[in-house]
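coords please:
(2 chains)
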There are 2 protein chains.
Amino acid sequence: MDAAVAQTPTDRLMDALAPEMAAVNALIRARMQSQHAPRIPEVTAHLVEAGGKRLRPLLTLAAAKLCGYDGPYHIHLAATVEFIHTATLLHDDVVDESQQRRGRPTANLLWDNKSSVLVGDYLLARAFQLMTDTGVMRVLTILSNASATISEGEVLQLTAAQDLGTDEPVYLQIIRGKTAALFSAATEVGGVIANAPEDQVRALFDYGDALGIAFQIADDLLDYGGSSAVIGKNTGDDFRERKLTLPVIKAVARADDAERAFWRRTFEKGDQRAGDLEQAFALLTRHGAMDDARADALAWSEKARAALKGLPAGEIRDILDELADFVVARIA
Amino acid sequence: MDAAVAQTPTDRLMDALAPEMAAVNALIRARMQSQHAPRIPEVTAHLVEAGGKRLRPLLTLAAAKLCGYDGPYHIHLAATVEFIHTATLLHDDVVDESQQRRGRPTANLLWDNKSSVLVGDYLLARAFQLMTDTGVMRVLTILSNASATISEGEVLQLTAAQDLGTDEPVYLQIIRGKTAALFSAATEVGGVIANAPEDQVRALFDYGDALGIAFQIADDLLDYGGSSAVIGKNTGDDFRERKLTLPVIKAVARADDAERAFWRRTFEKGDQRAGDLEQAFALLTRHGAMDDARADALAWSEKARAALKGLPAGEIRDILDELADFVVARIA
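Numbering: from 1, shown residues only, chains lettered A, B, ... in the order given. Okay, here's the model as predicted:
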């Protein structure tokens, strides 16, 4: 069973939830249509069918199944979560002026910013329509709260990213918005729709929250090389874009005056010169910032695994447990 | 009572609903706050406190009062409607690259497009949170449907605006999205929250729909001078921006080959020369396009007034009746 061993936890979730995921994909395709504006499904299909991992809808399906749900609405909620995610990507690419996503040109490049903004709005509205189909008010509250946290986190990132005063609590707030809020809403609504006991719903929220935070810290570490600060072809983007992430926040907190001047020049003033990236890597290593950020990611991963203990044992829980390891395996 | 006579119907609604409107404004101020991102209330306040007429929330309050509602949630719904409207304005100004709104620089100019996109998203999420506070699933369905219609109409306008194939049904769809969908949702949810009989809810929807359509046709006519096609300092923007509106759609439908070539050059190709605007005005007049579009607006205004007949008589209904006249008085 070598093939099975080589499978990622996401692949295993996809296998375990194949019929449900097929229903989610069919619902996504149906609801991304527009009776009047063909531009909408064109833009949406470009993103939705670009081969994303569908991790968020899988989390909703997994949570519902774990809690023994046998109704139809986890499908709607999984599609809702994917629509919110897709709308966020469309708007993010406008905000970041991105040119590529998942190895393909972004929608704002292929069409224009206008289409990305408006189609994103359409998908958000569609997401809310899908939720109302469930008739369960509490999932609407959870998902509209998540939407507010997501956009609040993005605005915060916009204003805080180049500000050396950004500390770890602000960073946590930003990455909750960027990643963890939708993860935790995805798992929580799965439990709510299944009418799971409150302690299980809480455990599902905690799992999604910790998983999302571990995932994003690992992502931010990988931008500086992952296990150790090494310049490679995929590293240094956050430095060049002056996005303050956890390793740099830790290094800044430990900086002497000269180092602080370096961070101020490169991040706040955006005055970056030859050799600066190397210097940044050296400071991150010297202060143990990489090691400490990695330890934080591993602790969040452990917290995710701990949350699972209160949930029904079985294949799904086992895969979710592996998933918590998997998101930090890249930096372990 | 000369001062009273000079009052617009909107002023009179504002007087009749002053305590409710004060509560709406307080709720808007409370909910536009952000615990973490001060940029959000800054941008929102710039728009929300710019002295807009608050017509949409007034419609919700009026509909609820007309149907005898005495609970608290029309306040939430009115604030919801204003948040959706404000989010739409923020995104519209990005899409249209606008520089001015209500006589002041736009948010995208004062801050940047990124802030306008993300704060708009935040206000949409806040709108959905406000709706869920009511606990009434049907208002969520109505308002999420309206949101989808709004963004669908905007995407349609993006792709159809410069296409001479755009006919009157497509135009109607566009202005429903642009204006009427939120008007009709605003009035309909007022009836729903008041638990009004179905025929009254339907009448409220019809009133808002027809009012919004009359309002937008009148607006589009005014861009060509209103009662007759005359070039003035506030006319010709839609021509210059190549936005196909009802008068031009009617003139294109009646154009001979030479005229069609003119419209194709100026709208589809965007090749506009000295004297073209005068020529456009001449064609609009020659084909009776202005008169016919005005007749359409008046017919929609009448339709709005007719819908009111099924609703409880009294001061509020009288003002809504006047309002239907008022929105087309500018072109009568």
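
got the residues of the stretch 51-200 of chain A near chain B?
Counting by CB under 8 Å from any CB of the partner chain, the residues of the stretch 51-200 of chain A close to chain B are A:91, A:94-95, A:113-115, A:117-122, A:124-126, A:128-129, A:131-132, A:135, A:137, A:140-141, A:144-145, A:147-148, A:150-156, A:158-159, A:170, A:173. Every C-beta, even on glycine, is put in place using the N, C-alpha and C of the backbone.

please flag which of the residues you listed sit within helices.
Taking DSSP state H as the definition of helices, these contribute A:91, A:94-95, A:113-115, A:117-122, A:124-126, A:128-129, A:131-132, A:137, A:140-141, A:144-145, A:147-148, A:150-156, A:158-159, A:170, A:173.

hang on, A:Thr8 packs against A:Phe326?
Yes - look at A:Thr8 against A:Phe326 with CB atoms under 8 Å: they come within range, at 6.3 Å.

for the two, indicate the residue with more neighbours.
Here A:Thr8 and A:Phe326 are compared on neighbour count by other CB atoms under 10 Å in any protein chain shown; more neighbours surround A:Phe326, at 19 against 14.

what part of chain A, helix or strand, is modelled with the least confidence?
When the helices and strands of chain A are scored by mean pLDDT, DSSP states H and E, helix A:2-6 comes last with a mean of 54.

can you pull the contacts of A:Glu42?
A:Trp111 (CB atoms under 8 Å, 6 or more residues apart in numbering or on different chains).

cool, and A:Ser115?
If you count contacts by CB under 8 Å, 6+ apart, A:Ser115 has them with A:39, A:43, A:107-108, B:155, B:158.

10 Å - rerun?
Residues in contact with A:Ser115, defined by CB atoms under 10 Å, 6 or more residues apart in numbering or on different chains, are A:37, A:39-40, A:42-43, A:90, A:94, A:107-108, B:95, B:154-155, B:158-159.

same deal with A:Leu277?
By CB under 10 Å, 6+ apart, the neighbours of A:Leu277 are A:224, A:231, A:235-236, A:239-240, A:266.

one more: A:Ala194?
A:63-71, A:73-74, A:200-201, A:204.

can you flag the buried ones in the residues of the stretch 51-200 of chain A next to chain B?
Taking 16 or more other CB atoms under 10 Å in any protein chain shown as the criterion, what is buried in those is A:91, A:94-95, A:113-115, A:117-122, A:124-126, A:128-129, A:131-132, A:137, A:140-141, A:144-145, A:147-148, A:150-156, A:158-159, A:170, A:173.

now the helices for the stretch 151-300 of chain A?
A:168-175, A:181-193, A:198-222, A:237-240, A:246-253, A:257-263, A:276-286, A:289-308 (DSSP state H, counting those that start in this stretch).

nearest to A:Asp321, of those?
helix A:289-308 (5.6 Å; CB to CB).

shared neighbours of A:Thr8 and A:Phe326, anything?
Counting by CB under 10 Å, 6+ apart, the residues touching both A:Thr8 and A:Phe326 are A:Ile319.

relative to A:Arg29, how far out is A:Glu97?
Separation of A:Glu97 from A:Arg29 (CB to CB, to the nearest Å): 29 Å.

who's more crowded, those two?
Higher neighbour count among A:Glu97 and A:Arg29: A:Arg29, with 15 against 12, using other CB under 10 Å.

what sits against that one?
A:Arg29 neighbours (CB under 10 Å, 6+ apart): A:41, A:44-45, A:48-49, A:79.

and if you look at A:Ala16?
A:58, A:61-62, A:65, A:315-316, A:318-319.

related to what we said a few turns ago, most packed of the helices of the stretch 151-300 of chain A?
helix A:181-193 (a mean of 28; mean count of other CB atoms under 10 Å in any protein chain shown).

could you report the pLDDT at A:Asp110?
One thing to correct before we go on: residue A:110 is Leu, not Asp. On pLDDT, A:Leu110 comes in at 74.

roughly how far apart are the closest residue to A:Glu315 other than its chain neighbours and A:Pro57?
Using CB to CB, 6 or more residues apart in numbering or on different chains and skipping the chain neighbours, the partner closest in space to A:Glu315 is A:Ala16 (6.1 Å). Using CB to CB, A:Ala16 is found at 14 Å from A:Pro57.

swap in A:Val192?
On the measure of CB to CB, A:Val192 and A:Pro57 end up 16 Å apart.

which residues does the closest residue in space to A:Phe183 that isn't next to it in sequence contact?
Leaving aside its sequence neighbours, A:Phe183 sits nearest to A:Gly212 (CB to CB, 6+ apart; 3.4 Å). Neighbouring residues of A:Gly212 by CB under 10 Å, 6+ apart: A:56, A:59, A:175-176, A:178-187, A:300, A:304, A:327.

quick one: end-to-end distance for stretch A:239-254.
Distance between the boundary residues of stretch A:239-254 (CA to CA, to the nearest Å) amounts to 18 Å.

close to chain B, is it?
No - contact between stretch A:239-254 and chain B is absent, the nearest approach being 13.1 Å (criterion: CB under 10 Å from any CB of the partner chain).

tell me the mean pLDDT for that stretch?
On average, stretch A:239-254 scores 93.

pull the distance from that stretch to the chain's centre.
Relative to the centre of its chain, stretch A:239-254 is centred 19 Å away, using CA atoms, centre = their mean, to the nearest Å.

a markdown table for the contacts of A:Ser115, including distance to A:Ala22?
A markdown table is the format used below for the contacts of A:Ser115 (distance: CB to CB, whole Å):
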| residue | distance to A:Ala22 |
| --- | --- |
| A:Ala37 | 27 |
| A:Arg39 | 27 |
| A:Ile40 | 23 |
| A:Glu42 | 23 |
| A:Val43 | 23 |
| A:Leu90 | 24 |
| A:Val94 | 31 |
| A:Ala107 | 25 |
| A:Asn108 | 30 |
| B:Val95 | 35 |
| B:Glu154 | 32 |
| B:Val155 | 28 |
| B:Leu158 | 33 |
| B:Thr159 | 31 |
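
out of these, who's nearest A:Ala280?
Closest to A:Ala280, out of all of the contacts of A:Ser115 and judged by CB to CB, is A:Val94, at 28.1 Å.

my read: the closest one touches B:Val94, true?
Yes - assessed by CB atoms under 10 Å, A:Val94 is found in contact with B:Val94 at 8.2 Å.

what sits in contact with each of these two?
Joint contacts of A:Val94 and B:Val94 (CB under 10 Å, 6+ apart) are A:113-114, A:117, B:113-114, B:117.

tell me the one of these nearest B:Asp292?
A:Lys114 (30.9 Å).

circling back: biggest separation within the shared contacts of A:Val94 and B:Val94, which pair?
Applying CB to CB across these, the maximum distance is between A:Lys114 and B:Lys114, 14.7 Å.

pLDDT below threshold where in chain A?
A:1-6, A:51, A:102, A:226-234 (pLDDT under 70).

at 50 what do you get?
A:1-4 (pLDDT under 50).

about what we covered before: grab the CA positions of the first helix or strand past the least confident helix or strand of chain A going along the chain and hand them over as PDB.
Next in sequence after helix A:2-6, counting helices and strands by DSSP states H and E, comes helix A:9-16. What follows is helix A:9-16, C-alpha atoms only, in PDB (Å, rounded to 0.1, in the frame of the first residue of the first chain):
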ATOM      1  CA  PRO A   9      -4.100  13.900   4.500                       C
ATOM      2  CA  THR A  10      -5.900  16.200   2.100                       C
ATOM      3  CA  ASP A  11      -5.900  13.400  -0.500                       C
ATOM      4  CA  ARG A  12      -7.200  11.000   2.100                       C
ATOM      5  CA  LEU A  13     -10.000  13.400   3.100                       C
ATOM      6  CA  MET A  14     -10.900  13.700  -0.500                       C
ATOM      7  CA  ASP A  15     -11.100   9.900  -0.800                       C
ATOM      8  CA  ALA A  16     -13.100   9.500   2.400                       C
END
